[in-house]
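S.K.: Predicted coordinates and the sequence they were generated for:
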Amino acid sequence: MTSTLRSVRVLALLPALLIAIVIWKLSDTPNLTIAHGTLDTVLRKLAHMAAFGGLAAACALAILAQRARLSTAITGGALLAIVYAGIDEVHQTFVPTRHGALTDVAIDALGIGIASIVLIKVFARRGVS
């Protein structure tokens with residue numbers, strides 16, 4: 001394997017790592033709010049879906065860059081993201097004013113599922129299976 005190919009494979013891991021770090025830092029922030037009242041709740045749940053959907057997609061693309069099959073990459077990306085969602089909720093139980101919730105993992109899983117479907121559709125249009 002050439003050093004250029006090896007570098008590309010390593011660089012493919014960076015987006016997933018960066019998203020995971022951002023999620024961790026946000027989860028580590030006490031009193032995190034986006035807006036007020038019901039709007040805050042809605043926006044935070046949408047942010048959960050987007051962040052974990054993005055993490056799943058980034059993980060899938062990183063796995064794909066390692067020469068895995070598309071189905072393996074998407075499944076692996078989704079599994080990594082859902083495990084991280086669980087770890088994130090446990091982490092929040094140690095942050096003042098935050099708490100972990102299984103409902104948040106379910107919301108994260110919804111975002112992960114949507115991202116996985118989008119990846120399947122995008123790659124299907126490109127003729128990749």
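M.R.: Arrived safely, thanks for sending.
S.K.: Enumerate every residue touching residue 33.
M.R.: For residue 33, the contact set (C-beta atoms under 8 Å, 6 or more residues apart in numbering) comprises 40, 44. Glycine gets a C-beta too; all of them are placed from N, C-alpha and C.
S.K.: Which phi and psi values does it adopt?
M.R.: Phi and psi for residue 33, reported as degrees, to the nearest 10, are phi -140, psi 150.
S.K.: Check the gap between it and residue 54 for me.
M.R.: 21 Å (C-beta to C-beta, to the nearest Å).
S.K.: what's the answer for residue 2, then?
M.R.: Going from residue 2 to residue 54 by C-beta to C-beta gives 30 Å.
S.K.: Which one of those two is surrounded by more residues?
M.R.: Shown here are residue 2 and residue 54; by other C-beta atoms under 10 Å, residue 54 has more neighbours (19 against 7).
S.K.: next structured bit after the helix or strand hosting the more buried one?
M.R.: Element membership of residue 54, judged by DSSP states H and E, is helix 37-65. Later in the chain than helix 37-65, the nearest helix or strand by DSSP H and E is helix 70-92.
S.K.: Now do that next one: which elements does it pack against?
M.R.: When contacts are defined as 3 or more C-beta pairs under 8 Å, 6 or more residues apart in numbering; DSSP states H and E, helix 70-92 packs onto helix 14-27, helix 37-65, helix 102-125.
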